[in-house]
Each structure stands twice: as C-alpha cells, then as structure tokens.
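# make a model of this:
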Amino acid sequence: MALKEIGVRVPWRGTGAARHIHDALLAERSEPYVSLMVNPLAGDGKVHRLYQSWGYEDIGRTQPPAGAPVLSAMIKPVR
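Just a heads-up that it's a prediction; the model follows:
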C-alpha cells in the first residue's frame, strides 16, 4: 500500500488526529508494507521525523519530475 497524503487542519495539529487517521487507514489492510514519500526538508525536517516516530524507515531518495524536491522514500510493515 502506498500512502499518498495525510493532512489535518491547523486546529487539530498536535492532537494525534493524523496518527489516528493513519492507523485507521492501515487497520484493515492485508498488504505487508506501507510506503510513502516525504520531503525531508518539510517543516525543517519535522514531518520526516514524525514518520520515523511512527515506525517508517528510509529506503532511498527519489526526485519524481526534474526540478521537484528530492524526496525520501520510506517504508514500514503494516503488521
């Protein structure tokens, strides 16, 4: 499974809402892994560190189209 994007509005940031959405999305999935790409510079690295705290590990870097930011590819076991 590839996670595309999770976003929460400002009043709910820091409340655990994004983590609850993430966990609910994965709760019934049968795939062994979930992957995502994140800009490691977003929020001065805060977003990348957040995904690391959720158990994601870096597996490489990618730059989808030329001129786009270099992204970290991350993966974690679903179960």
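
# any idea which helix or strand carries Thr15?
Thr15 belongs to no helix or strand when assigned by DSSP states H and E.

# sec struct for the nearest residue to it once chain neighbours are set aside, please.
The shortest distance from Thr15 to any non-neighbouring residue, by CB to CB, 6 or more residues apart in numbering, is to Val8 (7.9 Å). No exception for glycine: its C-beta is placed from N, CA and C like everyone else's. Reduced to three states with DSSP: H, G, I helix; E, B strand; the rest coil, the structure at Val8 is coil.

# just the residues contacting stretch 54-62, thanks.
For stretch 54-62, the surrounding residues in contact (CB atoms under 8 Å, 6 or more residues apart in numbering) are 19, 22, 35-37, 70-77.

# pull out the buried positions in stretch 49-64.
When burial is assessed from 16 or more other CB atoms under 10 Å, stretch 49-64 yields the following buried residues: 51-52, 56.

# just the CA atoms of it, as PDB, please.
Extracted in PDB, the C-alpha atoms of stretch 49-64 (Å, rounded to 0.1, in the frame of the first residue of the first chain):
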ATOM      1  CA  ARG A  49      10.900  12.800  12.000                       C
ATOM      2  CA  LEU A  50       7.200  12.300  12.600                       C
ATOM      3  CA  TYR A  51       7.000   9.400  10.100                       C
ATOM      4  CA  GLN A  52      10.200   8.000  11.700                       C
ATOM      5  CA  SER A  53       8.500   8.100  15.100                       C
ATOM      6  CA  TRP A  54       5.600   6.100  13.600                       C
ATOM      7  CA  GLY A  55       8.000   3.300  12.500                       C
ATOM      8  CA  TYR A  56       8.800   4.300   9.000                       C
ATOM      9  CA  GLU A  57      12.400   3.800   7.700                       C
ATOM     10  CA  ASP A  58      14.200   5.500   4.800                       C
ATOM     11  CA  ILE A  59      14.900   3.200   1.900                       C
ATOM     12  CA  GLY A  60      16.200   5.700  -0.600                       C
ATOM     13  CA  ARG A  61      15.700   9.000  -2.300                       C
ATOM     14  CA  THR A  62      13.800  10.000  -5.400                       C
ATOM     15  CA  GLN A  63      13.100  13.100  -7.500                       C
ATOM     16  CA  PRO A  64       9.900  12.500  -9.400                       C
END
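
# brilliant, that's me finished.
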